[in-house]
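Trainee: whatever this is, show me its structure:
(one chain, ligands or ions: 1)
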Amino acid sequence: MVSPDLSVAVGSVRLKNPVMTASGTFGYGLEFLPFLDLSELGGLVTKGLSPKPRRGNPPERIVETPAGMLNAIGLQNVGVDAFIAEKLPRLAPYDTAVVANVFGETEAEYVEVLEKLDAAQGVAAVELNVSCPNVEAGGMIFGNDPKALARVTRACRRATRLPLWVKLSPNVTDIRETARAAEAEGADAISLVNTFVGMAVNVDKKRPVLANGSGGLSGPAIRPLAVWLTWQVRRAVKIPIVGMGGIMTGRDAVEFLLAGASAVQVGTANFVTPRAAIDVIDGLKTWLSERGIPSAAEITGTLRAAEAASVPV
Ligand SMILES: Cc1cc2nc3c(=O)[nH]c(=O)nc-3n(C[C@H](O)[C@H](O)[C@H](O)COP(=O)(O)O)c2cc1C
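Mentor: This next block holds a predicted model:
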């Protein structure tokens, strides 16, 4: 059996393997040191960073659902300054790509965080979370409107020399429009997808389970939706895609790679077992070697579906 070459590139970002951990499900990486060697990961994506620390929403913030979970954490984080001073230096010894996930309530907030990260050492790329309400536009979600997405991407592109990944929301009518808007304004890659909006109800109390009311659905329940969106975006833009949504095993990761992703992220699975991403790496390696495929990079976008319907049935 050949030992496959797992290394891939997402634009200018080289990863030792295509498996990263997803934002908000892996803290700042450091919390997972008791469970795994961070150097084994292709990369890790931090919890979303804002200019100031945020406490997030009150509980309940998480609820398990069939084949997934709903969360409304409310973007709790330590703030970009504490991340740069206290977290980033402690990640330096590990040979893995650190991607900083960023959000803001205004364009200026995104820019402020990006300028600070640009001046720091040890960030491989930034990933914009555009699933955040734009307070200047009356709470409209940045990522739900191609024009708003274009504006924030343009401002962020000017604010940093770091590779810029734009993470798309699936809560749109046609994800190809937001993907094209990000590409046109200089994004280096598209990450997809963020969570799907949902709600769980406590029928005894006649109240939503989550204090926030609604939450974001993630986990295996969303995988077919996310694979489909990956395939749609693959045919709409030329820039690389980082795919995610319900990846639990190496085979799940292969689905995204075949559908056009150059790399993947593992999120909710980390709540099931903190070593989930390592299991995905091992599973991917086995899948490739059993088939005598020499490298992970070569399977990207090789789905045999040129003739497949582009409209869901
Ligand atoms: C508890 C929780 C917190 C999350 N926080 C963030 C975040 O801060 N920024 C972000 O871009 N995505 C965030 N996400 C979305 C994930 O990064 C990922 O896009 C989504 O969960 C789908 O992948 P999965 O099904 O493997 O979890 C969060 C997801 C969960 C479950």
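
Trainee: what helix or strand is Thr173 on?
Mentor: Thr173 is part of no helix or strand when elements are defined by DSSP states H and E.

Trainee: enumerate every residue touching Ser131.
Mentor: Under the criterion of Cβ atoms under 8 Å, 6 or more residues apart in numbering, the contact list for Ser131 reads 103, 141-143, 167, 169, 171, 194-195, 216. Where you see a C-beta, it was placed from the backbone N, CA and C, and this is true even at glycine.

Trainee: so of those, which ones are in strands?
Mentor: 141, 167, 216 (DSSP state E).

Trainee: excluding covalently adjacent residues, which one is nearest to the second one?
Mentor: The one in question is Lys167. The shortest distance from Lys167 to any residue other than its chain neighbours is 3.8 Å, reached at Ser191 (Cβ to Cβ, 6 or more residues apart in numbering).

Trainee: now do the contacts for the one you found.
Mentor: Ser191 sits next to 127, 165-168, 241-242, 244, 265 when contact means Cβ under 8 Å, 6+ apart.

Trainee: neighbours of whichever residue of the stretch 151-300 of the chain sits closest to the ligand, how many?
Mentor: Scanning the stretch 151-300 of the chain for the residue nearest the ligand gives Gly267, at 2.4 Å (criterion: Cβ to the nearest ligand atom). Using other Cβ atoms under 10 Å, Gly267 is surrounded by 26 other residues.

Trainee: isn't it up against Met20?
Mentor: No: under the contact definition of Cβ atoms under 8 Å, Gly267 does not touch Met20, with a separation of 9.9 Å.

Trainee: contacting residues for the residue in the chain positioned nearest to the ligand?
Mentor: Scanning the chain for the residue nearest the ligand gives Gly24, at 1.9 Å (criterion: Cβ to the nearest ligand atom). Applying Cβ under 8 Å, 6+ apart, we find Gly24 in contact with 47-48, 71, 73, 101, 267.

Trainee: can you flag which of the residues you listed belong to strands?
Mentor: Counting by DSSP E, the part of the contacts of Gly24 found in strands is 71, 101.

Trainee: scan the contacts of Gly24 and report the most crowded one.
Mentor: Neighbours here are counted as other Cβ under 10 Å. On that basis the top member of those is Gly267, with 26 neighbours.

Trainee: if you count contacts, what does the helix or strand containing Thr153 end up packed against?
Mentor: Thr153 is part of helix 146-159 when elements are defined by DSSP H and E. Under the contact criterion of 3 or more Cβ pairs under 8 Å, 6 or more residues apart in numbering; DSSP states H and E, helix 146-159 touches helix 107-119, strand 125-129, strand 164-167, helix 175-184.

Trainee: can we see that at 6 Å?
Mentor: Helices and strands touching helix 146-159, as assessed by 3 or more Cβ pairs under 6 Å, 6 or more residues apart in numbering; DSSP states H and E, comprise helix 107-119, helix 175-184.

Trainee: list the buried ones in the shortest one?
Mentor: Which is helix 175-184. Neighbour counts over helix 175-184 (16 or more other Cβ atoms under 10 Å) mark 175-176, 178-183 as buried.

Trainee: and this structure, which residues reach the ligand?
Mentor: Counting by Cβ under 6 Å from any ligand atom, the chain comes close to the ligand at 22-25, 47-48, 71, 73, 75, 101, 129, 167, 194-195, 218-219, 222, 244-247, 266-268.
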